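J.: sequence plus predicted model, see below.
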Amino acid sequence: MKPFASPEARMQKLNQIKDGLMALTSIVKELKHETVGINANPAETWDLSLVCEFEDWAGLNVYADHPEHVKVKKIIGEVVDSRACVDSEF
């Protein structure tokens, strides 16, 4: 994430993002399972992790374009410095 004025402001934004993402579980029916984690290890690079499970790629696409998800992406976009993404099948 981009720098914040204080650690408290950073954590507040992380919790806002986490809450917004977690709320999608009850809104987007294609989202079968979701885990959002805030990094607790200051020696690591990334601040937040998101693991989602969908039945198929179509479900992922519905989620990605869902208006409520787009709202959360906007909040993230305002503070993100860089990101990494992996889409896998199992």
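T.: Arrived safely.

J.: helices along this structure, start to end?
T.: In the chain, the helices defined using DSSP state H lie at 7-23, 57-65, 67-77.

J.: and Ala9, how close does it get to Ile27?
T.: Distance, Ala9 to Ile27, by CB to CB, to the nearest Å: 27 Å. C-betas here are computed from N, CA, C, even on glycine.

J.: out of the helices of the chain, flag the one nearest Ala40.
T.: helix 7-23 (11.1 Å; CB to CB).

J.: ok and the closest one relative to helix 67-77, angle-wise?
T.: With axes from the mean of the first three to the mean of the last three CA atoms, to 10 degrees defining the directions, helix 7-23 sits at 160 degrees from helix 67-77.

J.: quick one: helix 7-23 to chain centroid distance?
T.: Averaging C-alpha positions (CA atoms, centre = their mean, to the nearest Å) puts helix 7-23 10 Å from its chain's average.

J.: for that helix, name the packing helices and strands.
T.: Where contact means 3 or more CB pairs under 8 Å, 6 or more residues apart in numbering; DSSP states H and E, helix 7-23 is packed against strand 31-38, strand 48-54, helix 67-77.

J.: other residues contacting that helix?
T.: Identification of contacts with helix 7-23 by CB atoms under 8 Å, 6 or more residues apart in numbering yields 1, 4, 34, 36, 38, 47-48, 50, 68, 71-72, 75-76, 79.

J.: then that helix to CSV, C-alphas only?
T.: Taking Å, rounded to 0.1, in the frame of the first residue of the first chain, the C-alpha atoms of helix 7-23 are listed here in CSV:
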residue,chain,number,x,y,z
PRO,A,7,-0.1,3.1,11.4
GLU,A,8,-3.7,3.5,12.7
ALA,A,9,-4.8,5.1,9.4
ARG,A,10,-3.2,2.3,7.5
MET,A,11,-4.9,-0.4,9.6
GLN,A,12,-8.3,1.4,9.4
LYS,A,13,-8.0,1.3,5.6
LEU,A,14,-7.0,-2.3,5.6
ASN,A,15,-10.0,-3.2,7.7
GLN,A,16,-12.3,-1.2,5.5
ILE,A,17,-11.0,-3.1,2.5
LYS,A,18,-11.3,-6.5,4.3
ASP,A,19,-14.9,-5.7,5.4
GLY,A,20,-15.9,-4.7,1.9
LEU,A,21,-14.4,-7.8,0.4
MET,A,22,-16.0,-10.1,3.0
ALA,A,23,-19.4,-8.5,2.5
